[in-house]
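> compute the structure for the input listed below.
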Amino acid sequence: NYGLSRTKYYHVSVGLSIGLLTITPFILTAVLIQYENENALRQLKWLILSIILGSLYLSAKRMIILVTVIFIAILWTTLIVYNIPLALIADTLVFFLSTSMLILATAYYRNRIASKRQALLRSAADKQRDINQALQQEINNRQQSEKTLRQQSKQLESLHQIGLELTGEYDLDTLLQSVVTKVALLLNAKRNGFWLCQPEQKSLRLAATSNIDQPTVGTIIKYGEGLAGKIAESGQPLIVNDYLAWEGNLSTFAQTAGHAASAGVPVYTGKEIQGVLSITAQADYQFTQADIQLLTLFAAQASVAIQNAQLHDETQQYTIQLEQEIIERKQIEETLRHREREMQLFLEKLQALHEVGIELTRIDSFDALCLRAVELGRETLGFDRLGLLLYDKETNMMLGTFGTDDQGEIRDERYFRQEIDRPQILEVLN
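Take a look at the predicted model:
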């Protein structure tokens, strides 16, 4: 019985123990009755041991059945089998019933207390399980939050670094190409495009793209057409989870984008839309509002970089224009100074000529006049060489007076006579 109690046959062991404790008193009673021993009926009191053992392992219902069976067995054995008068077994029956009732009551309350204890333990276990689940959920939520925070921190750090790189680029075309390339590093995107707004025509021009299978740079769409056109028209971000199935798709883009998710945000300069930044997701990825928020921050940095590039370009153009104006102004000033010097020289010559004329009017002799005219021409007017010739219209002859030689010395040239045979000279003289 002890060996069985250590195995899976535990209930068999309990049953055998109760059965042994029940049968043994009956056997002892039967033997002692055969020998007419006055203590024979007292042996039935040992049946209470089976009741005690049963109370430890059996339920209340089974205990009642056990007591009833033993009580009937006592009556059947004593009254029917051995014809013992009821008066002789009355004490035994009273002892058995009273003790059994006490044991049953004790077992009942003990089982009830045990049931309540088990219920409390189960309730405590359930509460502990709920607490553990809540704690585990809280741990999972915190881990997810920490993971999200780390990811956001990494994205913001990357965004800051990208912003620094973008603001250092001043060529607009190179900058826009850098924008669509770097946004792929920030988000799970593979096809990106930057559209510049043309407000006068209410259209958008594709200024840069990160994928060669997209339409070429320079493609123009109207406001309201496709993803970028609707964003430019509404001024709000837009997410399309399936571009090919979207009713607003453009056939030019639908084949390359396929069923992938697409999104875009407006790029503002102040309150005016400067352009649209559009992205297409990798396969099976769906854009979230967190992606849109990050893309909006990136678009704001791109807007600052674009304004810097445009301002730098305008500054460069203004500088070139200003330098050209300075060069032209210097040329004009130099021309004016040259003309001023020429005018000053002319006035000086004119004043000298006036003085020469006054002096010549005071000379009475013709030869002295001619000689003085040559002298004043060298001294006052600054000529290196000169000569004074007279034209005789009647003889068509040039007549010499005075002049200078190769060394600039004045000489008498009244001997000079020469007929004029060149029509050009005659035309001038006449």
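
> list the contacts for the residue lying closest to residue 389 once chain neighbours are set aside?
Leaving aside its sequence neighbours, residue 389 sits nearest to residue 398 (CB to CB, 6 or more residues apart in numbering; 5.1 Å). C-beta: built from backbone N, CA, C; applies to glycine. Contact partners of residue 398, counting by CB atoms under 8 Å, 6 or more residues apart in numbering, are 389, 390, 391, 392, 416, 417, 418, 419, 420.

> now the phi/psi pair for residue 398, please.
With angles defined as degrees, to the nearest 10, residue 398 sits at phi -100, psi 130.

> next one: it, what pLDDT does it get?
For residue 398, the model assigns a pLDDT of 87.

> from residue 409, how far out is it?
22 Å (CB to CB, to the nearest Å).

> count of neighbours near residue 308?
17 (other CB atoms under 10 Å).

> mind giving me the packing neighbours of the helix or strand hosting residue 111?
In this assignment (DSSP states H and E), residue 111 forms part of helix 86-167. Packing partners of helix 86-167 (3 or more CB pairs under 8 Å, 6 or more residues apart in numbering; DSSP states H and E): helix 48-57, helix 60-75, helix 172-186, helix 289-361.

> so how far is it from its chain's centroid?
44 Å (CA atoms, centre = their mean, to the nearest Å).

> low pLDDT regions in the stretch 1-150 of the chain?
1-15, 17-18, 20-21, 25, 27-49, 51, 53-58 (pLDDT under 70).

> tell me which of the helices and strands packed on helix 86-167 lies nearest to residue 368.
helix 289-361 (9.7 Å; CB to CB).

> please list the outside residues in contact with whatever helix or strand comes next after the closest one.
Next helix or strand after helix 289-361 toward the C-terminus (DSSP H and E): helix 366-379. Helix 366-379 is contacted by residues 356, 359-360, 363, 383-384, 386-388, 401-404, 408, 410, 414 when judged by CB under 8 Å, 6+ apart.

> find the pair from those with maximum spatial separation.
363 and 384 (23.7 Å).

> next, count neighbours for the nearest residue to residue 93 once chain neighbours are set aside.
With CB to CB, 6+ apart as the criterion, residue 93 has its nearest non-adjacent residue at 6.8 Å, and that residue is residue 74. For residue 74, the neighbour count with other CB under 10 Å is 21.

> how close does residue 74 get to residue 82?
Distance from residue 74 to residue 82, by CB to CB: 11 Å.

> same thing with residue 327?
147 Å.

> which one of these two is surrounded by more residues?
Shown here are residue 327 and residue 82; by other CB under 10 Å, residue 82 has more neighbours (14 against 10).

> can you pull the phi/psi pair for the more buried one?
According to degrees, to the nearest 10, residue 82 has phi -110, psi 0.

> what's the spacing between it and residue 420?
Counting by CB to CB - residue 82 and residue 420 are separated by 196 Å.

> likewise for residue 128?
139 Å.

> those two: who's more crowded?
Neighbours were counted for residue 128 and for residue 420 using other CB under 10 Å; residue 420 has more, 15 against 11.

> residues in contact with that one?
Residue 420 neighbours (CB under 8 Å, 6+ apart): 391, 396, 397, 398, 426, 429.

> backbone dihedrals for residue 285, both of them.
Torsion angles, degrees, to the nearest 10, at residue 285: phi -100, psi 140.

> coming back round to it: right, and the residue nearest to residue 93 touches residue 95 too?
No: applying CB atoms under 8 Å as the test, residue 74 and residue 95 come out as separate, 10.9 Å apart.

> and the most centrally placed residue in the chain, how far from residue 134?
The chain has residue 294 as the residue nearest its centroid, 3.4 Å off, counting by CA atoms, centre = their mean. Going from residue 294 to residue 134 by CB to CB gives 32 Å.

> same check on residue 123?
From residue 123 over to residue 134 (counting by CB to CB), the distance is 16 Å.
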